[in-house]
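[1] My questions are about this predicted structure, shown below with the sequence.
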Amino acid sequence: MIEILLCGNRKVFDGALTQLISMTRRTKEAIHVHLMTMDLSRLNPEFVCITKEQTAALNQVVQEKNPESLVERLDVTKLYEIEFGGCVNEGAYCTPYTLLRLLADKIPAAPDKLLYLDMDMMIADDIRKLYEIDISEYEFAAVREKYGCWLIRPDYFNAGMLLLNMVKIRQTGLLVKARELIRRKKLLFADQSAVFQCTTKKLLLPRIYNEQSKFDKKDTVVCHFCKRLMFRPFPHTENYKQWQVEEIHRHLHCHTFDRDLEEYLRRKREMSEKIQG
């Protein structure tokens, strides 16, 4: 069983849907998705839980490929409020949902190994190639951040993909320390900065496990549709997500996931027709 951690609200359901379609198309082994969500509408009316109906749709995707797979919805609203409610990093560069990965050690019966993935990722090869990497001597494995490894430190990593050794993390208290830091100190990149500052020992992996710019390489395993810095015709940023099908075709010239996105659009139509009917 491959243990996956996803975090988000109702708005990023399309990210979970596209990602799991791409993952299950290329991975035969059963997957167990721990889907953390929460209601934080006190900050933003759009910050509401992924619904049970959406979770059922995700379960249909993974179980069609392998009946032993499972998507388990975890409402961690109360836990979030205890750990982070009103803290100085609630208004970080991303939504507060990025902080949920710091609660991984609070998952009931959490597995010894857990693969965290941002919602704006697509899987281009068998995810076992990443999951089965030996991290027994490390707290986690990650890939260098495209810009941060030049601007901050050579070993600065992108927290969009974290292969977590939960046994080691419990021993070192990594996430406990990261949560305490989040509560007391404003950080530029919130959760990512907290993990970076609190880690004891990490393994840096090749870019193929969190490719942040070029999505047509044949050996890539994980593609990350994150914000990109562009210099032409003038300095600006681009932020196209995989479920924005026309945009990734037109602006990113990415056709790697066309079969997955065709299935995504079909399933979305079916869901819409079911609601209307």
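    Everything's here; your move. Numbering: from 1, shown residues only.
[2] make it CA atoms for all contacts and neighbour counts henceforth
    OK.
[3] three-state assignment of Met161?
    strand (DSSP: H, G, I helix; E, B strand; the rest coil).
[4] Quick one: the strands in the protein, in order.
    Under the criterion DSSP state E, the chain contains strands at 2-7, 31-37, 70-75, 113-117, 121-123, 140-144, 157-165, 202-205, 222-224, 228-230, 236-238.
[5] Pick the most buried one from those.
    Ranked by mean neighbour count under mean count of other CA atoms under 10 Å, the strands of the chain are led by strand 121-123, which reaches a mean of 27.
[6] Show me what that one is packed up against.
    Helices and strands touching strand 121-123, by 3 or more CA pairs under 8 Å, 6 or more residues apart in numbering; DSSP states H and E, are helix 13-26, strand 222-224.
[7] picking up where we left off before, quick one: which of the strands of the chain is nearest Leu103?
    For Leu103, the closest of those is strand 31-37, at 9.3 Å, according to CA to CA.
[8] got the CA positions of that closest one in PDB?
    What follows is strand 31-37 as a C-alpha-only set of coordinates in PDB (Å, rounded to 0.1, in the frame of the first residue of the first chain):
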ATOM      1  CA  ILE A  31      -3.000   3.700  -2.600                       C
ATOM      2  CA  HIS A  32      -4.400   5.000   0.600                       C
ATOM      3  CA  VAL A  33      -5.000   8.800   0.400                       C
ATOM      4  CA  HIS A  34      -5.200  10.700   3.700                       C
ATOM      5  CA  LEU A  35      -7.200  13.800   2.600                       C
ATOM      6  CA  MET A  36      -6.900  16.500   5.200                       C
ATOM      7  CA  THR A  37      -9.400  19.300   5.000                       C
END
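[9] i'd like the first residue to be 276 from this point on
    Got it, first residue is 276 now, which makes that one strand 306-312.
[10] What are the contacting residues of that strand?
    276-284, 324-325, 337, 343-352, 372, 375 (CA atoms under 8 Å, 6 or more residues apart in numbering).
[11] what's the angle from it to helix 288-301?
    Computed with axes from the mean of the first three to the mean of the last three CA atoms, to 10 degrees, the direction of strand 306-312 lies at 170 degrees from that of helix 288-301.
[12] and strand 306-312, how far out from the chain's middle?
    On the basis of CA atoms, centre = their mean, to the nearest Å, strand 306-312 sits 11 Å off its chain's mean C-alpha point.
[13] Let's have the strands of the chain in TSV, adding mean pLDDT.
    Putting the strands of the chain into TSV (pLDDT from 0 to 100) gives the following:
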stretch	mean pLDDT
strand 277-282	98
strand 306-312	98
strand 345-350	97
strand 388-392	98
strand 396-398	97
strand 415-419	97
strand 432-440	95
strand 477-480	98
strand 497-499	96
strand 503-505	65
strand 511-513	69
